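Peer 1: got a sequence here, can you build the structure:
(one chain, ligands or ions: 1)
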Amino acid sequence: MSHLGRFITLEGGEAAGKSTQIARLAERLRRQGRSVLELREPGGTPLGEKIRHLLKHDPDGRGMSPETELLLMNASRAELVRQRILPALQSGQIVLCDRFYDSTVAYQGFGRGLDLAAVQSVIQLAVGGLQPDRTLWLDVAPEIARTRLAGRQAAQATSEPSDRFDEEQEAFFARVAQGFREAFHAEPDRWRHVDAGGSLECVEEAVWSAVSNLF
Ligand code: TMP
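Peer 2: Next up is the predicted model:
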């Protein structure tokens with residue numbers, strides 16, 4: 001599917017620093033005079049944000065089946081693609097998205113163990129052939145992610161409801177990481193690996209090197 005703009009997605013496990021790096025990349029591109037749209041998944045539309053709440057925080061979402069989780073992620077995605085991503089790309093904007101369909105492969109496919117062919121067909125229904133121009137895998141060692149996550153959870157303990165995904169066990173996150181690894185190796189032209197264990201400034205530079213040839 002061709003478009004005028006550029007579509008860049010950031011992927012990785014919990015506490016890899018994706019949202020911070022998206023904000024920094026967006027700022028850098030805007031300083032160059034480019035028009036940038038920052039989005040996140042699940043979410044990014046009014047309906048998608050409600051679905052995000054169901055998926056992450058709503059007590060009624062506790063214990064939902066992996067199949068429900070797959071469909072809700074992709075319901076949010078179907079809205080985001082049609083309401084926000086495609087119009088922005090067609091008008092020549094740069095779209096930066098915090099997670100996209102590779103997260104579904106990693107979390108619902110590898111993490112939850114759903115059939116990968118079924119996962120792919122639901123994704124295709126949701127995105128209708130749209131692919132990112134570039135996908136960055138912000139990769140951070142499990143020990144660093146654990147420490148960052150513990151800090152984040154302590155800071156949020158009083159202000160935010162608990163997050164169903166943050167409460168998953170280590171084995172789940174190991175399967176998710178394997179999912180990103182395999183997706184990365186399967187499409188080396190689209191993907192770039194970014195070591196996300198360093199300082200914010202180091203990671204920002206690595207992110208920039210991974211996307212700058214698109215402009
Ligand atoms: P985050 O915005 O803090 O990364 O939270 C989103 C959570 O949703 C995160 O734990 C990963 C998970 N997720 C999936 O399981 N599948 C998906 O397709 C997407 C986009 C996110």
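
Peer 1: which SS state does residue 165 fall under?
Peer 2: The assignment at residue 165 comes out as coil when based on DSSP: H, G, I helix; E, B strand; the rest coil.

Peer 1: against residue 44, how distant is the spatially most central residue of the chain?
Peer 2: Nearest residue to the geometric centre of the chain (Cα atoms, centre = their mean): residue 99, 1.1 Å. Distance from residue 99 to residue 44, counting by Cβ to Cβ, to the nearest Å: 10 Å. All C-beta spots, glycine's among them, are computed from the backbone N, C-alpha and C.

Peer 1: ok, back up a step: ok, the residue nearest to the centre of the chain - contacts?
Peer 2: 9, 10, 11, 18, 40, 41, 42 (Cβ atoms under 8 Å, 6 or more residues apart in numbering).

Peer 1: tell me which of those fall in helices.
Peer 2: Counting by DSSP state H, the part of the contacts of residue 99 found in helices is residue 18.

Peer 1: mind picking the lowest-pLDDT entry from the contacts of residue 99?
Peer 2: Lowest pLDDT within those is found at residue 18 (95).

Peer 1: for that one, the count of nearby residues, please.
Peer 2: Residues lying near residue 18 (other Cβ atoms under 10 Å) number 24.

Peer 1: what do you get for the one 3 residues further on?
Peer 2: By the other Cβ under 10 Å criterion, the neighbourhood of residue 21 contains 24 residues.

Peer 1: other SSEs contacting the worst-scoring helix or strand of the chain on mean pLDDT?
Peer 2: Least confident helix or strand of the chain, by mean pLDDT, DSSP states H and E, is helix 142-156 with a mean of 81. Secondary-structure packing of helix 142-156 (3 or more Cβ pairs under 8 Å, 6 or more residues apart in numbering; DSSP states H and E): helix 170-186.
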